[in-house]
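Enquirer: any chance you can model this:
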Amino acid sequence: MKISFDLDETLFVNPAEVPAEPDLKFPYNKIYKDKLRKGAVELLTEINKSGWELWIYTTSNRSEGYIRRLFRHYGISIDSVVNAPRHEAEVVRGRADFPSKCPAAYHIDLHVDDEKSVYENGIANGFRVYRITNDDTDWVENIRKELERIKRNKGDCALKS
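Expert: Numbering: from 1, shown residues only. So this is what the prediction gives:
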């Protein structure tokens, strides 16, 4: 099973607005300026250990290599990255008025995003989206519960802690 996360305002946050993980150690903190939302390292590590595939699905143009290396410095393995160029090439393919993200095209079971429009597209197009907000202090536990619910519905065992 697959879970994907958006980057900007979802996993990557402004620490003046949302609690963030500690910075990477020097010199990596100079290379990777993006700040991870507090709780992300714990949850993503747990997902890595659970057997779920961990994907990044972002509308940013950050390279797959940059994204994979950044998370590797936190001990997190990313199974696949869908960035703006990949989404455009594989999903949109030049069609006008196509959603900014389409997790169903990649058979993703749950997508986590901050954008209301992505959440609304999920409802309209039949894919699951957990919408995270800046004041969602229980986001890690809420996602765990949603993953457990999806696993129960698919007949799998519970998410490992």
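
Enquirer: flag the shaky bits of the chain, pLDDT-wise.
Expert: Applying pLDDT under 70 to the chain flags residues 155-161.

Enquirer: mind listing the strands for it?
Expert: 2-5, 53-57, 80-82, 110-113, 129-131 (DSSP state E).

Enquirer: quick one, which of those strands is packed in tightest?
Expert: Of all those, strand 110-113 carries the top mean neighbour count, a mean of 25, counting by mean count of other Cβ atoms under 10 Å. Yep, even glycine has a C-beta here, placed from its N, CA and C like the rest.

Enquirer: return the list of helices and strands in contact with that strand.
Expert: strand 2-5, helix 116-125, strand 129-131, helix 139-154 (3 or more Cβ pairs under 8 Å, 6 or more residues apart in numbering; DSSP states H and E).

Enquirer: so can I have JSON lines of the strands of the chain showing distance to residue 96?
Expert: Listed next are the strands of the chain as JSON lines, based on distance: least, Cβ to Cβ, whole Å:
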{"stretch": "strand 2-5", "distance to residue 96": "24"}
{"stretch": "strand 53-57", "distance to residue 96": "21"}
{"stretch": "strand 80-82", "distance to residue 96": "20"}
{"stretch": "strand 110-113", "distance to residue 96": "22"}
{"stretch": "strand 129-131", "distance to residue 96": "23"}
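
Enquirer: closest one to residue 153 among those?
Expert: Smallest distance to residue 153 across the strands of the chain (Cβ to Cβ): 11.3 Å, for strand 110-113.

Enquirer: what's the closest of the strands of the chain to residue 150?
Expert: strand 110-113 (6.1 Å).

Enquirer: and residue 119, how many residues sit next to it?
Expert: The tally of other residues near residue 119 (other Cβ atoms under 10 Å) stands at 17.
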